[in-house]
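[1] One predicted model, sequence on top.
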Amino acid sequence: MRASTVKEPLPLVKRTSRLLLALFFLACSAGGTWGASRLVYEIELPFEKGAAARAVLPGGEARELGRVVELPEQTRWPSYTASAWGRPGTVTASAVNAVHILMSIESGQGRTMSVLPRETIAPAAGPGAAIILDCAAGTSFFGAWAPPAGTRITVKGRDSEHPLEDRLPSKGETLVFKVYEEDISYMADFENRPGGRVIAWERGAARVIARVIRPLGGVGRFEGTMFQWRGRIRANHAGVIDISTSDYGTVGGFQIIPWDHALHSKEMQGAWGATQWMIIAPPDGKSMLGGTAPLFEGSLAPGPSKGERLWDLWSTYGRKSLVLARIGGGGWKLFPGASGKADDALMRVTHIRIYFPQSGELPSR
């Protein structure tokens with residue numbers, strides 16, 4: 001299905017950026033503990049056709065996220081390579097057009113079940129291996145309330161609740177996604193050059209968490225980007241950060257991947273000869289980077305789409321994924337618009353900045 005082309009107002013992006021920068025500055029100067037792990041909401045997804053999925057806040061307030069229209073008949077094995085870098089019983093990928101759940105790891109490969117919006121498909125899901133919701137791609141369960149990669153999942157029955165196991169839930173059971181905010185960085189900067197630093201900014205400190213071994217230069221036809229706004233996270237999993245550079249309704253974007261994915265995944269071997277992927281490696285040149293926080297587990301998600309609201313102003317804007325760029329070493333600005341396949345569209349991008357979602361009020365001294 002082709003979505004209509006709608007432009008997100010630039011002033012809103014500018015206001016969002018200024019708000020986030022102000023809040024993050026306060027975070028750096030405030031005393032006390034900020035960002036300690038806390039439950040921000042749960043998602044209840046009944047394994048029953050016609051039942052409503054709900055987001056439930058700690059205080060009990062609930063929001064409907066769509067209704068179940070199809071149930072899976074099987075799981076997918078083997079799934080995509082990076083799915084096995086997650087932890088069984090958790091979300092292994094969060095995107096505007098799919099959420100993948102890692103059921104188990106068998107013979108070194110992941111077995112997954114997916115949740116999809118009715119209006120689109122996701123090749124990684126596999127036929128007959130997904131729960132289908134009637135909400136739109138890029139919104140609701142796949143937008144404002146999307147559970148980040150690493151989110152723990154339990155199965156709740158009539159009288160008990162237990163961790164998700166290697167089997168499809170039974171009719172009448174409910175999948176419960178427990179979405180936490182961890183004590184993580186508030187943003188990350190990428191220097192787009194060979195050897196460039198990837199810097200995680202934390203309250204009162206900064207640290208190098210990776211190095212760029214192949215810089216970014218172009219954009220490609222990553223299909224799910226048609227359901228996300230420009231300069232926003234399209235998808236995040238243990239082996240990728242996918243970012244849209246196109247307006248809603250058109251296709252175009254790029255990906256940041258860990259060297260593990262580029263070295264060991266058959267589906268990613270072409271990344272070494274293309275400009276649409278930035279490849280990064282750990283500072284020590286030997287550790288596993290895929291499936292690790294803060295870039296490839298535990299935080300990033302699509303976030304609220306245009307018009308979506310969370311429980312307050314801070315969460316609505318603080319959890320909205322936002323990616324900025326510096327062109328030719330200039331100031332931070334909205335990411336350049338580019339669609340389709342263009343190998344040199346981003347050659348002048350010298351820096352990339354990703355904000356991590358936050359929804360809690362900042363503490364006073």
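    Perfect, I can see it now. Residues are numbered from 1 along each chain as shown.

[2] How many residues are close by G328?
    Residues lying near G328 (other Cβ atoms under 10 Å) number 7. Bear in mind the C-beta positions are built from the backbone N, C-alpha and C, glycine included.

[3] measure it to N192 for me?
    The gap separating G328 from N192 is 11 Å, by Cβ to Cβ, to the nearest Å.

[4] residues shared between the contacts of the two?
    Each of T350 lies in contact with both G328 and N192 under the rule Cβ atoms under 8 Å, 6 or more residues apart in numbering.

[5] And this structure, split by domain according to the record?
    Annotated domains of the chain cover 10-34+185-355, 38-181 [automatic domain parsing].

[6] Just give me the lowest mean pLDDT stretch among these.
    Least confidently modelled of these is domain 10-34+185-355, at a mean of 88 by mean pLDDT.

[7] From P283, how far off is the residue most central in space within the chain?
    Nearest to the mean C-alpha position of the chain, counting by Cα atoms, centre = their mean, stands A301 at 2.8 Å. Distance, A301 to P283, by Cβ to Cβ: 26 Å.

[8] so where do the strands sit in the stretch 201-350 of the chain?
    All strands of the stretch 201-350 of the chain, identified by DSSP state E, counting those that start in this stretch, fall at 205-214, 232-237, 240-244, 253-258, 277-281, 322-327, 332-334, 349-355.

[9] I'd like those strands as JSON lines, with mean neighbour count appended.
    Listed next are these as JSON lines, based on neighbours: other Cβ atoms under 10 Å:
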{"stretch": "strand 205-214", "mean neighbour count": "16"}
{"stretch": "strand 232-237", "mean neighbour count": "29"}
{"stretch": "strand 240-244", "mean neighbour count": "27"}
{"stretch": "strand 253-258", "mean neighbour count": "26"}
{"stretch": "strand 277-281", "mean neighbour count": "23"}
{"stretch": "strand 322-327", "mean neighbour count": "20"}
{"stretch": "strand 332-334", "mean neighbour count": "15"}
{"stretch": "strand 349-355", "mean neighbour count": "22"}
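
[10] can you tell me which of those strands comes nearest to A52?
    A52 lies closest, by Cβ to Cβ, to one member of these: strand 232-237, at 25.1 Å.

[11] so what strands line up beside that closest one?
    Strand 232-237 pairs in its sheet with strand 90-95 (antiparallel), strand 240-244 (antiparallel), by DSSP bridges.

[12] sorry, back to before: can I get the strands of the stretch 201-350 of the chain in a markdown table with distance to A93?
    Formatted as a markdown table, the strands of the stretch 201-350 of the chain follow (distance: least, Cβ to Cβ, whole Å):
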| stretch | distance to A93 |
| --- | --- |
| strand 205-214 | 20 |
| strand 232-237 | 3 |
| strand 240-244 | 8 |
| strand 253-258 | 13 |
| strand 277-281 | 17 |
| strand 322-327 | 18 |
| strand 332-334 | 26 |
| strand 349-355 | 17 |
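
[13] Nearest to P78, out of the ones you listed?
    That would be strand 232-237 among the strands of the stretch 201-350 of the chain, by Cβ to Cβ, at 15.3 Å.

[14] For that closest one, which outside residues touch it?
    The contact list for strand 232-237 (Cβ under 8 Å, 6+ apart) reads 82-83, 86, 92-98, 100, 148-149, 222, 224-225, 227-228, 241-244, 253, 296, 300-303, 320-323, 354.

[15] filter those to the buried ones?
    82-83, 86, 92-98, 100, 148-149, 222, 224-225, 227-228, 241-244, 253, 296, 300-303, 320-323, 354 (16 or more other Cβ atoms under 10 Å).

[16] which residues of the stretch 1-150 of the chain fall in helices?
    For the stretch 1-150 of the chain, the helices defined by DSSP state H, counting those that start in this stretch cover 10-29.

[17] Sketch out the strands for it, chain order is fine.
    38-46, 52-56, 62-70, 90-95, 98-106, 109-117, 130-133.

[18] Distance to P169 added to the ones you listed, as a markdown table?
    Putting those into a markdown table (distance: least, Cβ to Cβ, whole Å) gives the following:
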| stretch | distance to P169 |
| --- | --- |
| strand 38-46 | 9 |
| strand 52-56 | 13 |
| strand 62-70 | 11 |
| strand 90-95 | 15 |
| strand 98-106 | 11 |
| strand 109-117 | 9 |
| strand 130-133 | 9 |
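
[19] Tell me which of those strands sits most buried.
    Neighbour counts (mean count of other Cβ atoms under 10 Å) averaged over each of these peak at strand 90-95, with a mean of 26.

[20] quick one: it to chain centroid distance?
    8 Å (Cα atoms, centre = their mean, to the nearest Å).

[21] now the angle from that strand to strand 98-106?
    150 degrees (axes from the mean of the first three to the mean of the last three Cα atoms, to 10 degrees).

[22] Touching strand 90-95 from outside, list them.
    Surrounding strand 90-95, the residues in contact under the criterion Cβ under 8 Å, 6+ apart are 82-83, 85-86, 99-102, 110, 112, 122, 124, 142, 146-153, 177, 224, 234-238, 242, 300-302.
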